[in-house]
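**Q** The amino acid sequence is not available; the structure is as follows:
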Ligand code: NI
């Protein structure tokens, strides 16, 4: 089932997401994960975090494979992340690159992030994993994990750029934005 994507300005995108418990390993969660995959692919995204579909829980789906030609680390990078935790990030080596977000349609801005991270997480079967990630895949992961702590990538751009796109962000928050997937804005238009 396709779910509406909540737009920049909606309060759910600013909440700290709750971790899933062992008791959440059930059909309802599996259905939600399936719906998130469908919603992400339908909107041509490479990642989607549960707050973006209005659920303040620590659940993310990522499929970086459309980026694999340019970023080989993204090949076969299809992952469901439950309770992901970035336990190390190399702040000494920040890389600047363009990012976009399904909750911020029509915009892309340069964001500086660590190029290398270490992460622990549970997969869709609630099995624990840990691994190192780098390059664009590390960027996707950090972008999605930001959604779980109430952050959007536009929080991490330069003050000058932020000022420059301020009116566009205001319009998105009001739902005044063209978008070819279903969205839900903070403010209902009459
Ligand atoms: Ni995003």
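**A** Looks like it came in fine. Please read these numbers as outputs of a predicted model, since none were measured by experiment.
**Q** In the protein, what residue spans correspond to helices?
**A** Applying DSSP state H to the chain gives helices spanning 27-42, 135-148, 159-164, 166-173.
**Q** Which residue comes closest to residue 165 once chain neighbours are left out?
**A** The shortest distance from residue 165 to any non-neighbouring residue, by Cβ to Cβ, 6 or more residues apart in numbering, is to residue 107 (6.1 Å). (Glycine included, C-beta is placed from N, CA and C.)
**Q** should've said residue 84
**A** Residue 84 sits nearest to residue 121 (Cβ to Cβ, 6+ apart), 4.0 Å away.
**Q** okay, residue 190: pLDDT?
**A** For residue 190, the pLDDT comes out at 45.
**Q** and what of residue 186?
**A** On the pLDDT scale, residue 186 gets 87.
**Q** tell me the contacts of it?
**A** By Cβ atoms under 8 Å, 6 or more residues apart in numbering, the residues touching residue 186 are 7, 9-11, 173-175.
**Q** Export those as CSV, with columns for distance to residue 71.
**A** Below are the contacts of residue 186 laid out as CSV (distance: Cβ to Cβ, whole Å):
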residue, distance to residue 71
7, 27
9, 30
10, 30
11, 33
173, 31
174, 34
175, 32
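**Q** beta partners for residue 183?
**A** residue 5 (DSSP bridges).
**Q** what number of residues lie near residue 52?
**A** Applying other Cβ atoms under 10 Å, we find 29 residues neighbouring residue 52.
**Q** which residue is nearest the middle of the protein?
**A** Nearest to the geometric centre of the chain sits residue 144, at 3.0 Å (Cα atoms, centre = their mean).
**Q** Any stretches of this protein with poor pLDDT?
**A** Under the criterion pLDDT under 70, the flagged ranges of the chain are 188-190.
**Q** where exactly do the strands run in it?
**A** Applying DSSP state E to the chain gives strands spanning 5-6, 47-49, 59-63, 78-89, 94-101, 104-114, 116-122, 128-134, 183-184.
**Q** Let me have these in TSV, extended by distance to residue 160.
**A** What follows is those, written out as TSV (distance: least, Cβ to Cβ, whole Å):
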stretch	distance to residue 160
strand 5-6	27
strand 47-49	27
strand 59-63	30
strand 78-89	25
strand 94-101	14
strand 104-114	11
strand 116-122	27
strand 128-134	29
strand 183-184	28
